[in-house]
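Chemist: From the sequence below, what's the structure:
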Amino acid sequence: LGAKPLSECIFSDTESGLHIFPGGAETQTPQDLLTSTRMQKLLQDLAAGYDYVLIDAPPLGPLADAVILSHIVDKLFFVVRWNETPRQLAKEALGTIRDHRKVAGAVLTMIDEQVAAKYSAHSRYAGGYYSQYAEDYYRR
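Modeler: Predicted coordinates for the structure are as follows:
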């Protein structure tokens, strides 16, 4: 959001083919930055040039960044660290997003594949364990 043209701020990763716009220096008032007209213009410019624009935001919780972003983006992906994030904390964090239609889905990270295999579709644990998250979320 400085003086450089946008094209000079975007880096290409040759291995993945992704284009990356890294965050700048920390700011004391990220909420002011996120709600600024400059940020809105930046997001419009990025949306005009790319099929998808992904923004990596701090976790939901005491910081308002993700909640503010939820008002200016089309969709959200809720990222949860598997077997670390307590279910109640995840539910409360999701509850801060007022428009649940914006939540495109959840992404589980750091999955232990051997342990997770016990919860496969053929496991007697799978249905009850994972469906509880969905039921709690959509019951609202």
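
Chemist: So A93 versus D45, what's the distance?
Modeler: Note on A93: its distance to D45, by C-beta to C-beta, to the nearest Å, is 30 Å. Where you see a C-beta, it was placed from the backbone N, CA and C, and this is true even at glycine.

Chemist: all helices for this structure, in order.
Modeler: 6-9, 30-34, 37-49, 65-72, 87-95, 113-116, 126-138 (DSSP state H).

Chemist: Quick check: which of those helices is nearest to I55?
Modeler: Of all the helices of the chain, it is helix 65-72 that lies closest to I55, at 6.2 Å by C-beta to C-beta.

Chemist: now the closest one, how far from the chain's geometric center?
Modeler: Centroid displacement of helix 65-72 relative to its chain, using C-alpha atoms, centre = their mean, to the nearest Å, is 10 Å.

Chemist: quick one: buried residues of it?
Modeler: If you call a residue buried by 16 or more other C-beta atoms under 10 Å, then helix 65-72 has these buried ones: 65-70.

Chemist: Ok, stretch 47-67 next?
Modeler: So stretch 47-67, judged by 16+ other C-beta under 10 Å, has buried residues 53, 57, 60, 65-67.

Chemist: Once you drop chain neighbours, what's closest to V53?
Modeler: By the measure of C-beta to C-beta, 6 or more residues apart in numbering, the closest residue to V53 outside its immediate chain neighbours is L46, 4.6 Å from it.

Chemist: what number of residues lie near L94?
Modeler: L94 has 19 neighbours, counted by other C-beta atoms under 10 Å.

Chemist: who's in contact with it?
Modeler: Remark: with contacts taken as C-beta atoms under 8 Å, 6 or more residues apart in numbering, L94 is in contact with 60, 78, 100, 103, 137.

Chemist: Now do it against A66, distance only.
Modeler: Here L94 is placed at a distance of 11 Å from A66 (C-beta to C-beta).

Chemist: Now for those two: what residues contact both?
Modeler: Overlap between the neighbourhoods of L94 and A66 consists of L60, taking contacts as C-beta under 8 Å, 6+ apart.

Chemist: show me where pLDDT drops low in the protein?
Modeler: 1-2, 28, 61-64, 119-140 (pLDDT under 70).

Chemist: Thank you kindly, that will do.
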